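> coords below, sequence missing:
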């Protein structure tokens, strides 16, 4: 588990991709902590180290065979139950499979206060979910396995859901990925921070 504690009333639960807690997740966690929020990034893979991007197939196979979305959601919900009384605001921020897990955690009233998901492509398998909290989803303009526009069309009228689409491919926000798109990464992070600030301001 990776964590930063700032004695904050707000906690960001950061959910990693199939690769585990790699440098990208460490960078995101550190940047978020600079906003003086607490950050917790659980190790959903339960293994030391992380997979490299060149081992994508192996990383995906490991997640599919040894973890899966059901177990991932169970682990994250257990963490959220544990910390719920410690924080006024809990934000679940996920990337890729982490975004889909975040989406699946949004169906329980009061468990968290906000969901943010970057390119959660497998959300397309769970479109029946109706989030119980404000939800911001970022999708790229293209995906290998499906057309994001089709998924956006299904999700865009759901209550509590805001969707933004950015130039680039799956992984556009990851500096260490060959899919990195600087402009899209910067814009998405700015939108994310504004979304969090606006919500906390409204709640406060």
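It's in. Treat the numbers as computed from the prediction; the structure is a model and nothing was measured.

> alpha carbons only for contacts and neighbour counts from here, please
OK.

> and residue 135, how many residues sit next to it?
For residue 135, the neighbour count with other CA atoms under 10 Å is 25.

> From what I see, it and residue 115 are in contact.
Yes: Residue 135 is within contact range of residue 115, at 4.6 Å (criterion: CA atoms under 8 Å).

> what are the ranges of the strands in this structure?
Assigned strands in the chain, in chain order: 2-4, 10-15, 38-41, 89-95, 114-118, 135-142, 161-169 (criterion: DSSP state E).

> could you dump those to a markdown table with distance to residue 32?
Shown next, in a markdown table, are the strands of the chain (distance: least, CA to CA, whole Å):
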| stretch | distance to residue 32 |
| --- | --- |
| strand 2-4 | 9 |
| strand 10-15 | 8 |
| strand 38-41 | 7 |
| strand 89-95 | 11 |
| strand 114-118 | 13 |
| strand 135-142 | 17 |
| strand 161-169 | 20 |
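
> mind putting these in TSV, mean pLDDT and distance to residue 78 included?
Shown next, in TSV, are the strands of the chain (pLDDT from 0 to 100; distance: least, CA to CA, whole Å):
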stretch	mean pLDDT	distance to residue 78
strand 2-4	96	17
strand 10-15	97	12
strand 38-41	97	13
strand 89-95	97	13
strand 114-118	98	16
strand 135-142	97	20
strand 161-169	97	24
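
> Okay, buried residues for stretch 97-113 please.
97-106, 111-113 (16 or more other CA atoms under 10 Å).

> where exactly do the helices run in the protein?
23-33, 56-62, 68-83, 97-105, 148-155, 182-203 (DSSP state H).

> most packed of the ones you listed?
Mean neighbours per residue, mean count of other CA atoms under 10 Å, is largest over the helices of the chain for helix 97-105, with a mean of 27.

> Now mean pLDDT and distance to residue 9 too, for the helices of the chain, in TSV please.
Formatted as TSV, those follow (pLDDT from 0 to 100; distance: least, CA to CA, whole Å):
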stretch	mean pLDDT	distance to residue 9
helix 23-33	96	13
helix 56-62	92	34
helix 68-83	96	11
helix 97-105	97	20
helix 148-155	96	31
helix 182-203	88	11
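
> Which of those sits closest to residue 123?
If you check each of the helices of the chain against residue 123 by CA to CA, helix 97-105 wins as the nearest, at 5.3 Å.

> got the angle between the closest one and helix 68-83?
70 degrees (axes from the mean of the first three to the mean of the last three CA atoms, to 10 degrees).

> ok, residues contacting helix 97-105?
14-18, 69, 72-73, 76-77, 92-94, 111, 115-123, 126, 129, 131 (CA atoms under 8 Å, 6 or more residues apart in numbering).

> are any of those residues buried, and which?
14-18, 69, 72-73, 76-77, 92-94, 111, 115-123, 131.

> For residue 20, see how far away the nearest residue to residue 121 once chain neighbours are set aside is.
Distance criterion CA to CA, 6 or more residues apart in numbering; nearest residue to residue 121, sequence neighbours excluded, is residue 96 at 6.5 Å. The spacing between residue 96 and residue 20, counted by CA to CA, to the nearest Å, is 11 Å.

> Which of the two has more residues huddled nearby?
residue 20 (25 against 22).
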